[in-house]
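Novice: Below: sequence and its predicted model.
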Amino acid sequence: MRTILIIAFKEIQEGLRNRWVLATTLLLAALALSLAFLGSAPTGNVGAGALDVVVVSLSSLTIFLLPLIALLISHDAVVGEMERGTMILLLSYPVGRSQVILGKFCGHVLILAFATVIGYGAAAAALAITGASVLAASWYAFASMLGTSIMLGAVFVAIGYLVSSLVRDRGTAAGVSVGIWLLMVLVFDMALLGILVIDQGQIISASVLEGLLFLNPTDLYRLTNLTGFNVSQFSGMAGLAGTATTSIGALLLGLLVWIAAPLGLAAAFFARREL
């Protein structure tokens, strides 16, 4: 455990030197504050609390932005070190390859968690300072959104590690990572929507649809935040929330599996890889 923590701290230090932490935090804070002040304008018309609108807006933003950031900081975690020759130096110490993967993963997830909590927390703090009325349930929804956002980031960090453990150069890793982002964030849902339109409910029932959504971690995140925690009526997904049978626990378990599976595969492929 001590070795893993040392490697994680090393990744955080490198993130600070490369200004990844600062840049990510400022980006998330700027977007969160913009959504907080611009998105809270219609709350008087729809009867939604200001923080509820922020939760819905940030959840939609997170699906597009956080996976891309996670892949950008993790796609060269293994192959980049190998190209620079630093991986051989690192493994010359009494450090296991699985410890390298876990340590780097923890460091990158901590960077994302810090940026997410500070960046998104700025929006909630701004609403509190302005004196907006916020119910306890809204704070719970906001805290849950923060936690699941970090989990979604961890999913794509793990996927980035899997890519980095398989490819032979950083350019290929970057290209594959962008392709995965496009597939999971844009293409998957568009293809699924097209299939549903063609099927017209003949084969794909509601239960089958919910099962298909487990194939994409961004959809699990969307279901967790936009159909739960009492904000579905403000997210345009009230109909889905009323018919969904999958529990929040099952959705969170699905996200955990999406973290563990790519990370385990990354460790397995890296263990067999020649330096």
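Specialist: Happy to help now that I have it.
Novice: For the helix ranked longest in the chain, buried residues please.
Specialist: Counting by DSSP state H, the longest helix found in the chain is helix 97-129. For helix 97-129, burial by neighbour count (16 or more other CB atoms under 10 Å) applies to 97-120, 122-124, 126-127. Just so you know, the C-beta spots here come from the backbone N, C-alpha and C atoms, and that holds for glycine as well.
Novice: got it, and stretch 190-206?
Specialist: 192, 204.
Novice: chain center to that stretch: distance?
Specialist: In terms of CA atoms, centre = their mean, to the nearest Å, the centre of stretch 190-206 is set 26 Å apart from its chain centre.
Novice: Likewise for stretch 50-60?
Specialist: Stretch 50-60 has its C-alpha centroid displaced from the chain centroid by 16 Å (CA atoms, centre = their mean).
Novice: Quick one: mean pLDDT for that stretch?
Specialist: Across stretch 50-60, pLDDT averages out at 79.
Novice: how much space is there between the closest residue to residue 148 other than its chain neighbours and residue 64?
Specialist: The shortest distance from residue 148 to any non-neighbouring residue, by CB to CB, 6 or more residues apart in numbering, is to residue 224 (5.2 Å). According to CB to CB, to the nearest Å, residue 224 and residue 64 sit 16 Å apart.
Novice: Those two: which is more packed in?
Specialist: residue 224 (24 against 12; other CB atoms under 10 Å).
Novice: tell me the contacts of the more buried one?
Specialist: 144, 148, 248, 251-252, 255 (CB atoms under 8 Å, 6 or more residues apart in numbering).
Novice: Equivalent analysis for residue 177, please.
Specialist: Residue 177 makes contacts with 71-72, 75, 159-160, 163, as judged by CB under 8 Å, 6+ apart.
Novice: So, low pLDDT: which residues of the chain?
Specialist: For the chain, applying pLDDT under 70 flags the ranges 39-49, 132-134, 201, 227-245.
Novice: and residue 136, how many residues sit next to it?
Specialist: Close neighbours of residue 136, defined as other CB under 10 Å, add up to 7.
Novice: From residue 3, how far out is it?
Specialist: The gap separating residue 136 from residue 3 is 42 Å, by CB to CB.
Novice: ok, and what's touching stretch 188-203?
Specialist: Residues outside stretch 188-203 that contact it (CB under 8 Å, 6+ apart): 204, 209, 212, 215-216, 218-219.
Novice: Go again with 6 Å.
Specialist: With contact meaning CB atoms under 6 Å, 6 or more residues apart in numbering, stretch 188-203 is reached by residue 216.
Novice: cool, stretch 149-164 as well?
Specialist: By CB under 6 Å, 6+ apart, the list of residues contacting stretch 149-164 from outside reads 62, 66-67, 70-71, 74-79, 108-109, 112-113, 116, 173, 176-177, 217, 221, 255, 258-259, 262-263, 265-266.
Novice: Output it in PDB with nothing but the alpha carbons.
Specialist: Presented in PDB, the C-alpha positions along stretch 149-164 are these (Å, rounded to 0.1, in the frame of the first residue of the first chain):
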ATOM      1  CA  SER A 149     -19.000  12.300 -11.400                       C
ATOM      2  CA  ILE A 150     -15.800  11.100  -9.800                       C
ATOM      3  CA  MET A 151     -16.800   7.500 -10.500                       C
ATOM      4  CA  LEU A 152     -17.400   8.300 -14.100                       C
ATOM      5  CA  GLY A 153     -14.000  10.000 -14.300                       C
ATOM      6  CA  ALA A 154     -12.500   6.900 -12.800                       C
ATOM      7  CA  VAL A 155     -14.100   4.700 -15.400                       C
ATOM      8  CA  PHE A 156     -12.500   6.600 -18.200                       C
ATOM      9  CA  VAL A 157      -9.200   6.800 -16.400                       C
ATOM     10  CA  ALA A 158      -9.300   3.000 -16.200                       C
ATOM     11  CA  ILE A 159     -10.200   2.800 -19.900                       C
ATOM     12  CA  GLY A 160      -7.300   5.100 -20.700                       C
ATOM     13  CA  TYR A 161      -5.000   2.800 -18.800                       C
ATOM     14  CA  LEU A 162      -6.200  -0.200 -20.800                       C
ATOM     15  CA  VAL A 163      -5.600   1.600 -24.100                       C
ATOM     16  CA  SER A 164      -2.100   2.700 -22.900                       C
END
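Novice: and that stretch, how far out from the chain's middle?
Specialist: Relative to the centre of its chain, stretch 149-164 is centred 7 Å away, using CA atoms, centre = their mean.
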